[in-house]
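K.L.:
output the structure for:
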Amino acid sequence: MIKKVLVFLAAAIILMVFFIPSIADPTDVALDQQVELGVPGVFSLGDADHDGKAESIKFKLEVKAYREGNFLVSGNLQGIKNDHWVALDTTVVPFKWSPQHASFVLEFMTVNIVKYKISGPYRVMVSLKDGAWELPAQIAGFSPKYAWTDFSNAGIITSGAINTMSEAKMAVETWAQFQTLDPGRLKEISYNYDRWQLDYQKKPGEIMRFLVSPQGTVKLLRIFIPQS
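P.N.:
Okay, the predicted model is just below:
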């Protein structure tokens with residue numbers, strides 16, 4: 001009788017080992033284990049006016065995920081200046097992952113490349129956010145050895161991924177976190193010509209004005225207001 005009980009318990013344990021993982025809910029799996037960047041990404045150049053000089057660098061990257069998710073992607077284009085990696089442009093875009101839509105494209109302006117005469121190779125650092133969860137920034141790819149003379153310092157004029165006020169607000173706040181900057185409280189948001197304009201204030205007499213392009217590029221202007 002005891003022998004039969006032991007055999008039954010051993011069989012039950014074996015069944016549990018094989019059966020329990022098969023019924024695990026995907027939401028029970030840690031998000032860090034569900035998301036992986038398909039590095040390295042692919043670089044290409046954007047020459048909208050076909051003058052032989054690119055106005056932007058495009059970077060395409062695949063994301064391997066376990067389930068659908070709404071991510072905010074932060075990309076930082078960097079180049080080497082005085083033997084150190086420096087930021088050349090930062091882009092923030094929303095990205096809804098699905099098996100049919102598993103990759104995104106980041107577009108970086110080349111104004112600083114021309115301004116500081118920095119040739120490649122460049123690298124792109126990418127981080128992802130989904131609510132409170134964040135995949136820390138990591139190197140996602142190195143570009144070919146582009147020469148700085150391959151680029152134009154003209155702005156890019158194409159449709160992009162930032163289409164609503166909420167997306168522009170998320171882009172600014174993610175960019176600010178990436179730069180370890182506290183912008184304060186949002187005071188005003190508007191669409192001015194070809195980009196979103198968001199005014200934040202943390203202390204009296206100073207406004208942080210963020211300009212967000214449809215491609216996700218964020219620029220900061222500090223406006224000082226005389227106090228009476």
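K.L.:
just the pLDDT for Asn192.
P.N.:
Asn192 is assigned 65 on the pLDDT scale.
K.L.:
what are the buried residues along stretch 40-47?
P.N.:
Across stretch 40-47, burial judged by 16 or more other Cβ atoms under 10 Å covers 41, 43, 45-46. C-beta: built from backbone N, CA, C; applies to glycine.
K.L.:
from those, which is closest to Asn76?
P.N.:
Comparing the buried residues of stretch 40-47 against Asn76 with Cβ to Cβ places Gly41 closest, at 12.9 Å.
K.L.:
starting at the chain centroid, how far to the helix or strand hosting Phe108?
P.N.:
If you go by DSSP states H and E, Phe108 is part of strand 103-109. Its chain's C-alpha centre and that of strand 103-109 lie 9 Å apart, by Cα atoms, centre = their mean, to the nearest Å.
K.L.:
need the next SSE after that strand, C-terminal direction.
P.N.:
Per DSSP H and E, the first helix or strand lying C-terminal to strand 103-109 is helix 111-116.
K.L.:
list the buried ones in that next one?
P.N.:
Buried residues in helix 111-116, counted by 16+ other Cβ under 10 Å: 111-114.
K.L.:
any chance of the buried residues of stretch 40-47 in CSV, with distance to Tyr66 too?
P.N.:
As requested, the buried residues of stretch 40-47 are arranged in CSV below (distance: Cβ to Cβ, whole Å):
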residue, distance to Tyr66
Gly41, 20
Phe43, 27
Leu45, 33
Gly46, 32
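K.L.:
going by distance to Trp175, which of these wins?
P.N.:
Set against Trp175, the nearest of these by Cβ to Cβ is Gly41 (19.9 Å).
K.L.:
could you list every residue that touches that closest one?
P.N.:
59-62, 124, 126, 140-141 (Cβ atoms under 8 Å, 6 or more residues apart in numbering).
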